[in-house]
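> Provided below are the primary sequence and the corresponding predicted coordinates.
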Amino acid sequence: MVKICCIGAGYVGGPTMAVIALKCPAIEVVVVDIAKPRIDAWNSDQLPIYEPGLDEVVKECRGRNLFFSTDVEKHVAEADIIFVSVNTPTKTRGLGAGKAADLTYWESAARMIADVSKSDKIVVEKSTVPVKTAEAIEKILTHNSKGINYQILSNPEFLAEGTAIEDLFKPDRVLIGGRETPEGKKAVQALKEVYAHWVPEDRIITTNLWSAELSKLAANAFLAQRISSVNAISALCEATGANVSEVAYAVGKDSRIGPKFLNASVGFGGSCFQKDILNLVYICECNGLPEVANYWKQVIKINDYQKSRFVNRVVSSMFNTVSGKKIAVLGFAFKKDTGDTRETPAIDVCHGLLGDKAQISIYDPQVTEDQIQRDLAMGKFDWDHPRHLQPTSPTAFKQVSVVWDAYEATKGAHGLCILTEWDEFKALDYQKIFDNMQKPAFVFDGRNVVDPEKLREIGFIVYSIGKPLDAWLKDMPAVA
Ligand SMILES: NC(=O)C1=CN([C@@H]2O[C@H](COP(=O)(O)OP(=O)(O)OC[C@H]3O[C@@H](n4cnc5c(N)ncnc54)[C@H](O)[C@@H]3O)[C@@H](O)[C@H]2O)C=CC1
Ligand SMILES: O=C(O)[C@H]1O[C@H](OP(=O)(O)OP(=O)(O)OC[C@H]2O[C@@H](n3ccc(=O)[nH]c3=O)[C@H](O)[C@@H]2O)[C@H](O)[C@@H](O)[C@@H]1O
């Protein structure tokens, strides 16, 4: 029986391995992690991450050919194929701070593999890493090899949160990069055979190592660039009376452009887009390509601009101050159908509002108060380190309350900001919300969830990203 071990039981390691176990009953899959609470949660009825369809997959295979364990060394030693899916956060200090990927966790995983291995291994980069990481990993492994043969493969993951199971069941492509030696090709074939249990052969792409590593960074950069492009246009829409949804629809109808990923928003979030672009920027700089670095940097600058533009809209609309005013925030996760808050635009928007002394009442169907308070207190990039290495929870923000109901959050509020596109926000009784808010009552829709015209009929003053402006907002300063 082929044995797979995955180091890192997070958003990628957990779902990916669960799907491999489901589709390959003859393979034993063990997911290991240094974080005991996370492994305990994977072994319980309350999985550590919320992802539609994940519970069913885990329930079907757990205890059959899918296992979660903290006994990292034992399972690594026994495995034929080792996936490494650990954190690769942005460095917070030292060389490349604020840009380069911090490979501490990767390096320690590689050293541990070298220490405990007694048989040949295929080591698979599942984490997103800088191009050329495989070379560094190879050096660590071969210099400590004790005669063991290691083959390093790059197999980046393209799943998106909220649709992870769907994406894993039907991936657009699976990408495998390896050395072009006979041993390298054999290792690529071995991994290909795992995916071939359910992925059509023409969707399994094989490349050299560096192409695979770079394709992952490039794919995320292209995706984020689309959002920054449409968000940049959204600002111009507001200035001219054009409607960003109509513009995006018309632009996306061009089959060369395509309709997906053109939703204007308060900004993109999530653990990877910013991190991976910063990493790409750093790699370009290190390779003497400042023009290329600056080109990609702009994608992040527009994203930051979009978030501060939103905050400025809120404050300038409400008589240039939100001091002491209750502002309801609906949605804190970085997108719908996930409880993940890493790099969510809600953090920056809340910081902006707190900077203007607002009282914030937050409701998100999947995010806990503890998580929100931690997020608001955490330093830049700290969130992307393993949980037990993050700073312990400092004192909570008194101006922030977290409630479990949208009506409670909006009761007595002066303004309401929609920051995540949860479906349930479309179906709220906005008349009831209006009746219970202070007047004038403002809605700032950062996700184009509500119908601005219907809300205006109720009596709200409405700002929707990239949509023709409410008469109230015209001529008000709103640039970042
Ligand atoms: N979250 C996502 O949707 C996607 C993430 N990625 C990439 O996958 C990688 C992992 O991301 P996530 O799963 O989101 O992170 P995560 O933070 O959810 O999970 C990483 C896990 O690795 C564990 N870990 C760290 N060092 C370890 C070690 N030495 N031994 C054992 N366990 C260790 C941590 O305790 C943590 O549970 C990152 O490189 C990310 O860029 C790629 C595609 C999608
Ligand atoms: O490497 C990663 O981590 C993953 O990053 C993204 O996945 P994810 O961040 O989970 O979610 P997305 O659906 O890409 O959304 C990212 C952010 O962009 C925002 N977004 C997305 C699409 C859009 O049109 N507009 C927009 O503002 C979302 O609300 C969210 O805040 C990519 O889509 C995945 O392919 C990739 O594997």
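Yes, it's here. If you're wondering where the values come from, they're calculated on a predicted model, not measured in any experiment. Numbering: from 1, shown residues only. Ligands and ions are numbered 1, 2, ... in the order given.
> centroid residue for the protein?
Taking CA atoms, centre = their mean, the centroid of the chain lies closest to Gly270, which sits 2.7 Å from it.
> ok, that one - contacts?
Going by CB atoms under 8 Å, 6 or more residues apart in numbering, Gly270 touches Glu161, Phe334, Lys335, Asp340, Arg342, Glu343, Thr344. All C-beta atoms are positioned from the backbone trio N, CA, C, and that covers glycine.
> please redo it, this time with the cut-off set to 10 Å
Contacts for Gly270 (CB atoms under 10 Å, 6 or more residues apart in numbering) come out as 11, 160-162, 220, 224, 333-335, 338, 340-345.
> thought Ala35 was touching Ser69?
No. The criterion here is CB atoms under 10 Å, and Ala35 misses it with Ser69 at 11.9 Å.
> are there residues contacting both of those two? Which ones?
Common neighbours of Ala35 and Ser69, using CB under 10 Å, 6+ apart, are Ala9.
> so which residues on this protein come close to ligand 1?
7-13, 33-35, 38, 72, 85-88, 105, 108-109, 127-128, 157, 159, 161, 271-272, 386 (CB under 6 Å from any ligand atom).
> and the helices in the stretch 251-400 of the chain, which stretches?
According to DSSP state H, counting those that start in this stretch, the stretch 251-400 of the chain carries its helices in the segments 273-286, 290-317, 345-355, 369-377.
> helices and strands around the first one, which ones?
In terms of contacts (3 or more CB pairs under 10 Å, 6 or more residues apart in numbering; DSSP states H and E), helix 273-286 is packed against helix 209-240, helix 290-317.
> pipe these into TSV and attach mean pLDDT per row.
Output for the helices and strands packed on helix 273-286, formatted as TSV (pLDDT from 0 to 100):
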stretch	mean pLDDT
helix 209-240	97
helix 290-317	97
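> tell me the buried residues in the one helix or strand in the chain whose mean pLDDT sits lowest?
The least trusted helix or strand in the chain, going by mean pLDDT, DSSP states H and E, turns out to be helix 133-143, with a mean of 91. Of the residues in helix 133-143, those buried under the neighbour-count criterion (16 or more other CB atoms under 10 Å) are Thr133, Ala134, Ala136, Ile137, Glu138, Ile140, Leu141.
> residues touching the last one, list them.
Read it as Leu141. Going by CB under 10 Å, 6+ apart, Leu141 touches Ala110, Arg111, Ile113, Ala114, Ser117, Lys121, Val123, Ile148, Asn149, Tyr150, Gln151, Ile152.
> ok so the last one is a strand residue?
Yes. Inclusion of Ile152 in a strand is indicated when DSSP: H, G, I helix; E, B strand; the rest coil is applied.
> wait, it touches Lys126, no?
No. Look at Ile152 against Lys126 with CB under 10 Å: they stay out of range, at 11.9 Å.
> kindly reformat the contacts of Leu141 as a markdown table and extend each row with pLDDT and neighbour count.
Shown next, in a markdown table, are those (pLDDT from 0 to 100; neighbours: other CB atoms under 10 Å):
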| residue | pLDDT | neighbour count |
| --- | --- | --- |
| Ala110 | 95 | 26 |
| Arg111 | 95 | 14 |
| Ile113 | 96 | 26 |
| Ala114 | 94 | 20 |
| Ser117 | 95 | 23 |
| Lys121 | 96 | 23 |
| Val123 | 97 | 25 |
| Ile148 | 94 | 15 |
| Asn149 | 94 | 14 |
| Tyr150 | 96 | 22 |
| Gln151 | 96 | 23 |
| Ile152 | 96 | 25 |
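> same list (these) but as CSV, adding distance to Ile418 and secondary structure.
Below are the contacts of Leu141 laid out as CSV (distance: CB to CB, whole Å; DSSP: H, G, I helix; E, B strand; the rest coil):
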residue, distance to Ile418, secondary structure
Ala110, 43, helix
Arg111, 46, helix
Ile113, 45, helix
Ala114, 49, helix
Ser117, 51, coil
Lys121, 48, strand
Val123, 44, strand
Ile148, 54, coil
Asn149, 54, coil
Tyr150, 49, strand
Gln151, 48, strand
Ile152, 45, strand
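> so which strand or helix has the closest residue to ligand 1 within the chain?
Ligand 1 sits closest to Gly10 of the chain, with a gap of 1.9 Å, by CB to the nearest ligand atom. Under DSSP states H and E, no helix or strand contains Gly10.
> that one and Pro52, how far apart?
According to CB to CB, to the nearest Å, Gly10 and Pro52 sit 17 Å apart.
> which one's more surrounded, those two?
Neighbours per residue (other CB atoms under 10 Å) separate Gly10 from Pro52, with Gly10 holding more: 22 against 13.
> tell me how many other residues crowd the closest residue to ligand 2 within the stretch 301-450 of the chain.
Nearest to ligand 2 in the stretch 301-450 of the chain, going by CB to the nearest ligand atom, is Lys335, at a distance of 3.8 Å. Using other CB under 10 Å, Lys335 has 21 neighbouring residues.
> run through the residues that contact it.
Lys335 is in contact with 160-163, 265, 268-270, 344-345, 420-422, 447, counting by CB under 10 Å, 6+ apart.
> show me the two of these that sit farthest apart.
Farthest-apart pair in the contacts of Lys335 is Thr163 and Pro345; separation 19.3 Å (CB to CB).
> all helices for the stretch 1-150 of the chain, in order.
Using DSSP H, counting those that start in this stretch, helices in the stretch 1-150 of the chain cover 13-23, 36-42, 54-61, 72-78, 104-116, 133-143.
> buried members of the residues of the chain next to ligand 1 into ChimeraX, please.
Under the burial definition 16+ other CB under 10 Å, those of those that qualify are selected in ChimeraX by:
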select :7,8,9,10,11,12,13,33,34,35,38,72,85,86,87,88,105,109,127,128,157,159,161,271,272,386
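> so which of the residues of the chain next to ligand 1 reach ligand 2?
Among the residues of the chain next to ligand 1, the residues within reach of ligand 2 (CB under 6 Å from any ligand atom) are Thr128, Glu157, Leu159, Glu161, Ser271, Cys272.
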